[in-house]
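Asker: Whatever this is, show me its structure:
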Amino acid sequence: MLVKNLFPSITLWHLAIFITIFINQFIESAYLINRDMSLNRSNVPKNILATSLIGRNYTAQSIHYRSIPQVIFENEYFNRKRPLEMINPFNEDDYFKLIATIKGAAVQSYLPYYKIYEQVAKEINADLFVCDYLINHPCFDLAWKLGKPAVVIFTDTFYVSSPPYKSNPIYRHGCHANMENESFYNRFKCEIIFPLRNSWNTIDAIKDLNAQRAIVGVDPLWNMKGRVSNLLILTNNFFGYEIPSADSPLHQEIGPILPDTFPSLTPVIDSFLSTHPRTIYFALGTNVIIPPQKAIIILKSFLELINENVIDGLIWSYGKTDISKLSQSTNSSIPLSTILNNEHPHIHISKSSPQFAILSHENTKVFLSHGGAASCHESMYTATPMLVLPIFGDQPRNAEKLEFAGIALKLSKMNLKVDDIVSNIKRLLNEESFKKNAERLQFLAKVNSKRKYRGADLIEVVMNTVKYEGIEDENGGFKIDNENLLRDWITPDTRMGFIRGKYLDVYGVAIILFLMLSGGFVYVLLKTVRYIYIKFRSGNVNSQASLKSKRE
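Answerer: Numbering: from 1, shown residues only. Modelled structure (predicted):
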């Protein structure tokens with residue numbers, strides 16, 4: 001009655017709801033977690049040495065990284081030994097010459113790079129090394145020798161760990177990125193024969209590399225992959241594009257890694273795209289040099305598509321290709337001077353272009369690319385179907401993954417034809433599945449692009465772990481045993497050995513016991529059947545003898 005007098009409009013039902021809400025709020029406030037601000041370590045000083053043995057220096061050209069001290073130097077041996085035509089081979093023989101050159105560069109440049117890394121690490125008192133994976137052995141070896149943690153950065157999971165159904169079309173000629181539907185012969189060839197051949201071909205390189213290691217007092221290593229078995233590996237990739245696999249906790253996918261801001265469209269390109277609603281963007285990266293004959297074939301294809309009104313615009317970013325050599329090509333029936341002088345109404349060319357901004361424009365319908373990792377990520381992020389012309393490195397494997405995901409078609413660098421280019425672009429424009437798959441991958445790319453912050457957090461975890469597992473030196477730093485660092489992340493099977501780690505001993509005993517029990521059961525069953533048969537037969541004989549005696 002008191003409740004009714006004070007609050008005549010409140011019923012018992014309202015009162016029950018009010019009490020429930022109050023209790024829930026009380027419980028939530030009682031269990032509210034106060035976030036520890038020490039987890040925000042963005043202002044904690046860190047001395048990180050990030051190294052790259054080969055590749056282009058992007059940080060020096062970006063306004064976002066000018067606050068980072070940089071040491072830029074050239075790999076003289078590699079540059080001296082590789083003519084331009086070998087950088088972008090359009091035939092298999094030249095490509096394998098390039099592979100041999102890279103292996104030689106890895107050996108010959110080991111000592112110079114090791115000494116440079118060592119000097120810089122000493123000057124900045126490096127707490128952690130970031131090493132790009134492939135042939136950057138000096139970085140891993142120096143971190144190992146100094147007792148400093150190292151983190152691996154790479155774009156393709158195949159090179160660091162891969163189940164048998166993953167392969168590489170480059171190192172294993174005739175194999176495919178996904179061996180799921182291949183025959184037994186192809187799977188045997190790609191998993192057994194080619195790895196044995198490649199291992200045999202790298203023996204001399206490993207011997208020479210170990211000789212260089214001995215000079216600086218680093219223990220030899222007979223695995224070309226380097227000292228990565230116990231290190232955190234951050235892969236600029238994501239499942240949905242990459243073929244799925246069950247990797248070690250030490251292997252973390254944090255891609256696609258994309259900057260937060262990109263260069264915007266220039267007024268000229270913006271105007272061109274606005275007036276050409278069906279535009280193709282053509283770019284083969286910063287290092288690919290297109291032979292004049294190949295460039296002519298591609299340009300002929302675009303002109304045919306324009307004449308058929310399939311497309312109405314082409315933007316070509318030619319990079320390092322010397323376009324002046326195109327006019328020297330014989331039997332060319334295309335208006336080269338008009339195109340090269342940017343006088344063609346439907347074609348715009350430039351040495352470099354704001355690629356991401358172009359791909360983001362609604363009038364860009366297809367991207368003809370070499371299939372580099374960054375280009376693939378940007379194309380997926382913007383949902384732009386791709387026509388891929390893979391040249392070398394990870395590009396053939398990327399092209400197969402894109403085709404498998406249903407976002408792209410690929411061309412053959414060895415057999416490039418106008419008809420193939422025209423028909424493939426028509427398919428990309430007309431078949432709805434390509435755009436639908438592109439939008440599906442776009443969602444995955446956008447969601448996973450936020451994982452770069454997780455990559456930074458994982459590096460913080462490594463550095464924090466060092467404080468508890470390392471031994472403090474005279475400079476206040478910590479020295480650790482890389483074999484035991486992050487042992488909580490290392491799966492126990494790697495320490496148990498192959499037989500125990502795969503539980504082959506347990507399964508073997510189980511099979512033996514099963515066979516023994518099955519054999520015993522079959523033995524008893526046969527004995528029982530034989531006994532019954534003998535009894536039945538003897539009884540039948542006795543009954544027949546008794547019947548015969550009665551008749552007599």
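Asker: From the contact counts, what lies against the longest helix seen in the chain?
Answerer: Within the chain, and with DSSP state H defining each element, the longest helix by residue count is helix 504-551. Judged by 3 or more C-beta pairs under 8 Å, 6 or more residues apart in numbering; DSSP states H and E, helix 504-551 is in contact with no other helix or strand. From N, CA and C alone the C-beta is placed, and that goes for glycine too.
Asker: The same query, at a cut-off of 10 Å, please.
Answerer: helix 493-501 (3 or more C-beta pairs under 10 Å, 6 or more residues apart in numbering; DSSP states H and E).
Asker: what sits up against the helix it packs on?
Answerer: 229-230, 248, 250, 487, 491-492, 502-506, 508 (C-beta atoms under 10 Å, 6 or more residues apart in numbering).
Asker: Buried only: go through the residues you listed for me.
Answerer: Using 16 or more other C-beta atoms under 10 Å as the burial test, those include 229, 230, 248, 250 as buried.
Asker: need those residues in CSV with distance to residue 207, can you?
Answerer: Below are the buried ones among the contacts of helix 493-501 laid out as CSV (distance: C-beta to C-beta, whole Å):
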residue, distance to residue 207
229, 21
230, 24
248, 29
250, 28
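Asker: for the residues you listed, which one is nearest residue 422?
Answerer: residue 248 (45.4 Å; C-beta to C-beta).
Asker: And the pLDDT at the closest one?
Answerer: Note for residue 248: predicted pLDDT of 85.
Asker: which SS state does the nearest residue to it once chain neighbours are set aside fall under?
Answerer: Taking C-beta to C-beta, 6 or more residues apart in numbering, and ignoring the residues beside it in sequence, residue 248 has residue 491 as its nearest neighbour in space, at 5.8 Å. What DSSP: H, G, I helix; E, B strand; the rest coil gives for residue 491 is coil.
Asker: Nearest to the spatial middle of this protein, which residue is it?
Answerer: residue 156 (2.6 Å; C-alpha atoms, centre = their mean).
Asker: where does that residue land on pLDDT?
Answerer: Predicted confidence (pLDDT) for residue 156: 77.
Asker: and the angle for the longest helix of the chain with helix 493-501?
Answerer: For helix 504-551 and helix 493-501, the angle between their directions (axes from the mean of the first three to the mean of the last three C-alpha atoms, to 10 degrees) works out to 20 degrees.
Asker: now helix 504-551, how far from the chain's geometric center?
Answerer: On the basis of C-alpha atoms, centre = their mean, to the nearest Å, helix 504-551 sits 61 Å off its chain's mean C-alpha point.
Asker: average pLDDT for it?
Answerer: For helix 504-551, the per-residue pLDDT averages 83.
Asker: Contacts for stretch 431-447, please.
Answerer: 238-241, 255-256, 258, 365-366, 376-386, 402, 405-409, 427-429.
Asker: rerun at 8 Å
Answerer: 238, 240-241, 256, 377, 379-385, 405-408, 427-428 (C-beta atoms under 8 Å, 6 or more residues apart in numbering).
Asker: in the stretch 251-400 of the chain, which spans are strands?
Answerer: 251-253, 279-283, 313-317, 347-350, 364-369, 386-388 (DSSP state E, counting those that start in this stretch).
Asker: Name the strands paired with the second one and say parallel or antiparallel.
Answerer: It refers to strand 279-283. Using DSSP bridges, the strands paired with strand 279-283 are strand 313-317 (parallel), strand 364-369 (parallel).
Asker: So which of those is nearest residue 128?
Answerer: strand 364-369 (34.1 Å).
Asker: In terms of pLDDT, where does the nearest residue to residue 381 once chain neighbours are set aside sit?
Answerer: Distance criterion C-beta to C-beta, 6+ apart; nearest residue to residue 381, sequence neighbours excluded, is residue 445 at 4.5 Å. What the model reports for residue 445 is a pLDDT of 96.
Asker: Next secondary structure after the helix or strand containing residue 445?
Answerer: Counting by DSSP states H and E, the element that carries residue 445 is helix 432-448. Reading on from helix 432-448 to the C-terminus, the next helix or strand found by DSSP H and E is helix 452-469.
Asker: Name the next helix or strand downstream of that next one, please.
Answerer: Helix 452-469 is succeeded, C-terminally, by strand 471-472 (DSSP H and E).
Asker: For that next one, which outside residues touch it?
Answerer: Taking C-beta under 8 Å, 6+ apart as the rule, strand 471-472 contacts 478, 479, 480.
Asker: Which of those residues are buried, as a ChimeraX select command?
Answerer: Listed next is the ChimeraX selection for buried residues among the contacts of strand 471-472, using 16+ other C-beta under 10 Å:
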select :478,480
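Asker: between the contacts of strand 471-472, which is nearest residue 284?
Answerer: Nearest member of those to residue 284, counting by C-beta to C-beta, is residue 480, at 43.1 Å.
Asker: check contacts around that closest one.
Answerer: 147, 148, 149, 466, 469, 470, 471.
Asker: Can you get me a residue count around the residue nearest to it when sequence neighbours are not counted?
Answerer: Nearest residue to residue 480, sequence neighbours excluded (C-beta to C-beta, 6+ apart): residue 470, at 4.1 Å. A count of neighbours around residue 470, defined by other C-beta atoms under 10 Å, yields 17.
Asker: Okay, now the unreliable bits of the chain?
Answerer: 1-43, 54-66, 73-103, 157-161, 171-173, 329-332, 539-552 (pLDDT under 70).
Asker: okay, now the domains of it?
Answerer: Residue ranges for the domains of the chain, per automatic domain parsing: 1-32, 48-164+219-258+453-495, 267-449, 496-542.
Asker: Most tightly packed of these?
Answerer: domain 267-449 (a mean of 19; mean count of other C-beta atoms under 10 Å).
Asker: Can you show me the strands along the stretch 51-200 of the chain?
Answerer: With DSSP E, counting those that start in this stretch as the criterion, the stretch 51-200 of the chain has strands spanning 128-132, 150-154.
Asker: Let's have the strands paired with strand 279-283 in JSON lines, adding distance to residue 220.
Answerer: Output for the strands paired with strand 279-283, formatted as JSON lines (distance: least, C-beta to C-beta, whole Å):
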{"stretch": "strand 313-317", "distance to residue 220": "45"}
{"stretch": "strand 364-369", "distance to residue 220": "41"}
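Asker: The ones you listed: which one's closest to residue 355?
Answerer: Of the strands paired with strand 279-283, nearest to residue 355 by C-beta to C-beta is strand 313-317, at 7.1 Å.
Asker: What's the separation between residue 429 and residue 280?
Answerer: Counting by C-beta to C-beta, to the nearest Å, the gap from residue 429 to residue 280 is 9 Å.
Asker: which residues do the two both contact?
Answerer: Joint contacts of residue 429 and residue 280 (C-beta under 8 Å, 6+ apart) are 311, 365, 366.
Asker: Would you confirm that the second one contacts residue 276?
Answerer: In other words, residue 365. No. Assessed by C-beta atoms under 8 Å, residue 365 is found out of contact with residue 276, at 10.0 Å.
Asker: okay, and the common contacts of these two?
Answerer: With C-beta under 8 Å, 6+ apart, residue 365 and residue 276 have no common neighbours.
Asker: thinking again about what came up before, how about a markdown table for the domains of the chain, with distance to residue 211 added?
Answerer: Listed next are the domains of the chain as a markdown table, based on distance: least, C-beta to C-beta, whole Å:
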| stretch | distance to residue 211 |
| --- | --- |
| domain 1-32 | 62 |
| domain 48-164+219-258+453-495 | 8 |
| domain 267-449 | 27 |
| domain 496-542 | 30 |
